[in-house]
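Visitor: Okay, sequence plus prediction incoming.
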Amino acid sequence: MTLCLVSIGIVIALHGQNPAASPPFRSTLSYRVQSTERKKDTEQEARRLWEQAIAAKGGREKLCGVKNMVISSRAEYGTHQGKRNSWYQEELVVFPDKTWHWNDMRPDVFGLRIEMRNYGAKTAYVLTPEVPKEEIRHLTNDYKWEQTPLLNIQVLYFLETSWVKPVPIAVHQDKVKGQTVDVVQTQVLGERVDFALDAQTHLPVRVSSYVRLSTGSEGFAIGLSPKFETTS
């Protein structure tokens, strides 16, 4: 490629033109080479930063060893009557395709609701005090765990699992709460997901999921990556 560029410069000089002012060929070829090299460099840097993040999470072997998890949530909210009410949630997730969810908002009108979904077996049920009997429903093939919060849970909490493996493709810098972070752009099951990584801990402080809108433009939703406390 270098020899080709030099020979073009010589031909232009023999015709009495200014080599520095003329050649669309030289600039186009140079740009393509430099663009390819920059793309390779940013892909390599993205992979390096991603491996740091995986190591900070405990290492790929441990992450891929995770088979299930429990998420406990507590909150308070104001009712339509102006009262304060507690909201309790317990969720059991069995990767990659099963969830059991307890949602308790009693004594508010929303009450108690228990749900199970098994996307592999295409079955589900919903229990409430009004409908206490377990009635199995059948899910159609359109219901896939990859299109449910099961995917987001694996990405937000673990970065990688045995079923979800983001592919790092590029990196750029941004600011989160005034701090400079490295943003690793990845592909997750064909969709773009960006991870903003803390420069010191290498852990994600922001995760941005992108979706293709009906207008053709690219929209995104931002979620904060959960922090962990290790217990024995």
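Guide: Yep, that arrived.
Visitor: can we go C-alpha only for contacts and neighbour counts from here?
Guide: Fine.
Visitor: Not counting sequence-adjacent ones, nearest residue to Trp100?
Guide: Distance criterion CA to CA, 6 or more residues apart in numbering; nearest residue to Trp100, sequence neighbours excluded, is Met116 at 4.4 Å.
Visitor: For the one you found, give the beta-bridge partners.
Guide: Bridge pairing for Met116 (DSSP bridges) gives the partners Trp100, Tyr125.
Visitor: Repeat that for Val193.
Guide: According to DSSP bridges, the partner residues bridging Val193 are Thr186, Ser209.
Visitor: Point out where the protein drops to low pLDDT.
Guide: Applying pLDDT under 70 to the chain flags residues 1-40, 212-232.
Visitor: Kindly recompute the last result at 90.
Guide: Low-confidence segments of the chain (pLDDT under 90): 1-42, 79-83, 109-110, 129-137, 140-143, 147, 176-177, 190-191, 209-232.
Visitor: In contact with the residue nearest the centre of the chain: list those residues for me.
Guide: Closest to where the C-alpha atoms of the chain average out (CA atoms, centre = their mean) is Val193, at 4.1 Å. The contact partners of Val193, taken as CA atoms under 8 Å, 6 or more residues apart in numbering, are Gln185, Thr186, Gln187, Val207, Ser208, Ser209, Tyr210.
Visitor: all helices of the chain, in order?
Guide: Counting by DSSP state H, the chain has helices at residues 2-14, 24-56, 60-64, 149-158.
Visitor: What distance do you get for the nearest residue to Lys67 once chain neighbours are set aside to Pro166?
Guide: Distance criterion CA to CA, 6+ apart; nearest residue to Lys67, sequence neighbours excluded, is Phe95 at 5.5 Å. Distance, Phe95 to Pro166, by CA to CA, to the nearest Å: 16 Å.
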